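Visitor: just coords:
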Ligand code: G4P
């Protein structure tokens, strides 16, 4: 197959959802369609903390969570599907967000009884910023759900996302009888036939078809009829260009655990979603490197150390952006400018690994043993290609970390520096921090436990966490007049409430920390010459 054909058949995406909406179940069903049945069990096992799949990391075992995101690649209907896992339960972290910088599309799974929940909203925002296509699956239709039109309305009002249902539910809860495919005008009945499969779709011209009419009770029939008429008359018509630009979301209804409506979703998603698109290099924003260029390029979106206790290694996950990856190829590492040979490349398939000899744009390559690689670094055969740094994300939890054993200072420092470089957490320096303590900031509290656990297990260094009083951090944009001669913020000019502290990030950029929303609003009111940003300034410009 030509490179162009290989690229065209790739679909690289992630599932975004709130915990318990059904992401794991849906992933498992997708794997069944991709004939990766042996893995479908592993996905569940990991979640249910059964010993088989999770003996590689003590913390993971103890907590029944997955610390690392993995990549599942499978072939289905001629497509090469790369499904990138987004840790979502207690292991929600910056990694979850970063994975979204490496995908070309997202599938948003919503519990139809609950609607849009917080974690979905946060993940959605990251996808929206990148403008990737977003497909919506309303799950758990076998149980009572919220009104389907209300759910669509919520996509518009809460997420500001135009929706166009492709698949529509017939009935609700006990009266749920199947779905209507608005494109093919087929009804799929939620009725098992011997052998565990569902009945073949029934072709109908309308819901009045006696075959369908007989299945639905009067209320469900009247409601579906009315809703479909309304969608035809007043709904947004399906607009593929808008979908591909991330402006409209096609909506599907079904039930993951019952494997109902999943193939409709998978087929529709793969068909309407996009193959890898060129990514814009930072240095020359006007120029794009075609995906099928002769020049190989990619960027690192995640680092995972010690995934395998037998090897104690460090894996950098590279998303291929252009050209063809070949094992043993030499590339330039953007941050150091050095040429490196990529000999130890692996395909990570869930928990399994195998040597990877070639990969195309859209694929993810695990590179083992390159300590200099950091998150956001570009690897390319052309040193002129350097991709944008991976954005940082607003921290929501804070803690001080310190070393209780002065004699271990060296190990502690080395370990903490490595973890900070990996981007496990961020660090900040508030004014008047306790001596010897570093302020850590993260998206989820589990990241702090990971830091402590890894300091102990990999660097043999103990650490102590001490609560820090803040819940919000903002970067400060200040006018020239607000700066001292050496460029630092002149704190004496500002009125702050009790508990608020100024500080700096790792680049010495000024930040301010707040214990709560109220103190932040007060600060903004009193110090209007300062602009506050939830992300570093270079990202907000
Ligand atoms: P997550 O990865 O998004 O956190 O969700 P997961 O797939 O683990 O699903 C959360 C719970 O919802 C599971 O039940 C799962 O079986 C159930 N579920 C998923 N899809 C459907 C559906 O279509 N209908 C219904 N009724 N339930 C669904 P659990 O009791 O927490 O776990 P389990 O013992 O069933 O695995």
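Guide: Nice, I can see it. The structure displayed is predicted, hence computed values, not measured ones.

Visitor: can we go C-alpha only for contacts and neighbour counts from here?
Guide: Will do.

Visitor: would you say residue 278 is within a strand?
Guide: No. Using DSSP: H, G, I helix; E, B strand; the rest coil, the assignment for residue 278 is coil, not a strand.

Visitor: and residue 492, what are its phi and psi?
Guide: Per-residue torsions, residue 492: phi -70, psi -20 (degrees, to the nearest 10).

Visitor: Tell me the spacing between it and the ligand.
Guide: Computed as Cα to the nearest ligand atom, to the nearest Å, the residue 492 to the ligand distance reads 48 Å.

Visitor: which secondary structure element contains residue 158?
Guide: Per DSSP states H and E: residue 158 is located in helix 148-159.

Visitor: Same check on residue 410?
Guide: Residue-wise, residue 410 maps onto helix 409-422 under DSSP H and E.

Visitor: For the nearest residue to residue 493 once chain neighbours are set aside, give me its contacts.
Guide: Leaving aside its sequence neighbours, residue 493 sits nearest to residue 482 (Cα to Cα, 6 or more residues apart in numbering; 7.5 Å). The contact partners of residue 482, taken as Cα atoms under 8 Å, 6 or more residues apart in numbering, are 489-490, 493.

Visitor: Separate out the buried members of the residues you listed.
Guide: Buried subset of the contacts of residue 482 (neighbour count, 16 or more other Cα atoms under 10 Å): residue 489.

Visitor: okay if I get the contacts of residue 482 as TSV plus distance to residue 263?
Guide: Shown next, in TSV, are the contacts of residue 482 (distance: Cα to Cα, whole Å):
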residue	distance to residue 263
489	57
490	60
493	62
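
Visitor: List just the nearest of the contacts of residue 482 to residue 120.
Guide: residue 489 (36.6 Å; Cα to Cα).

Visitor: Who does residue 187 form a beta bridge with?
Guide: With DSSP bridges as the criterion, residue 187 is bridged to residue 180, residue 202.

Visitor: so it makes contact with residue 168?
Guide: No. Using Cα atoms under 8 Å, residue 187 makes no contact with residue 168, being 9.5 Å away.

Visitor: What is the burial count for whatever residue of the stretch 151-300 of the chain ends up closest to the ligand?
Guide: The ligand sits closest to residue 255 of the stretch 151-300 of the chain, with a gap of 3.3 Å, by Cα to the nearest ligand atom. Counted with other Cα atoms under 10 Å, the neighbours of residue 255 add up to 22.

Visitor: And for residue 390?
Guide: For residue 390, the neighbour count with other Cα under 10 Å is 18.

Visitor: follow-up on the earlier one: against the ligand, how distant is the residue nearest to residue 493?
Guide: From residue 482 to the ligand the distance is 47 Å (Cα to the nearest ligand atom).

Visitor: next one: residue 337
Guide: Residue 337 is 41 Å from the ligand, by Cα to the nearest ligand atom.

Visitor: In a strand, that residue, correct?
Guide: No. The assignment for residue 337 (three-state DSSP) gives coil, which keeps it out of a strand.

Visitor: Common neighbours of residue 187 and residue 168, please.
Guide: Listed contacts common to residue 187 and residue 168 are 179-181; contacts here mean Cα under 8 Å, 6+ apart.

Visitor: who in the stretch 151-300 of the chain is up against the ligand?
Guide: Within the stretch 151-300 of the chain, the positions near the ligand by Cα under 6 Å from any ligand atom are 255-258.

Visitor: Which stretches in the stretch 151-300 of the chain count as helices?
Guide: 210-213, 218-234, 240-244, 262-272 (DSSP state H, counting those that start in this stretch).

Visitor: worst average pLDDT in the ones you listed?
Guide: Here the lowest mean pLDDT among those goes to helix 210-213, at a mean of 83.

Visitor: Now do that one: everything it contacts.
Guide: So helix 210-213 is contacted by 187, 207, 221 (Cα under 8 Å, 6+ apart).

Visitor: Torsion angles phi and psi at residue 279?
Guide: phi -110, psi 140.

Visitor: That one and residue 289 touch, don't they?
Guide: Yes. At 6.9 Å, residue 279 counts as touching residue 289 under the criterion of Cα under 8 Å.

Visitor: Could you name every residue contacting both of those two?
Guide: What both residue 279 and residue 289 touch, as defined by Cα under 8 Å, 6+ apart, is an empty set.

Visitor: quick check, residue 121 in a helix?
Guide: Yes. Under three-state DSSP, residue 121 sits within a helix.

Visitor: Quick one, grab the pLDDT at the residue nearest to it when sequence neighbours are not counted.
Guide: Excluding the flanking residues, the one nearest residue 121 by Cα to Cα, 6+ apart is residue 159, at 7.1 Å. Note for residue 159: predicted pLDDT of 94.

Visitor: Kindly report the same for residue 472.
Guide: 95.

Visitor: residues contacting the closest residue to it other than its chain neighbours?
Guide: Closest residue in space to residue 472, ignoring its immediate chain neighbours: residue 514 at 5.1 Å, by Cα to Cα, 6+ apart. By Cα under 8 Å, 6+ apart, residue 514 lies in contact with 470-473, 499-501, 520.
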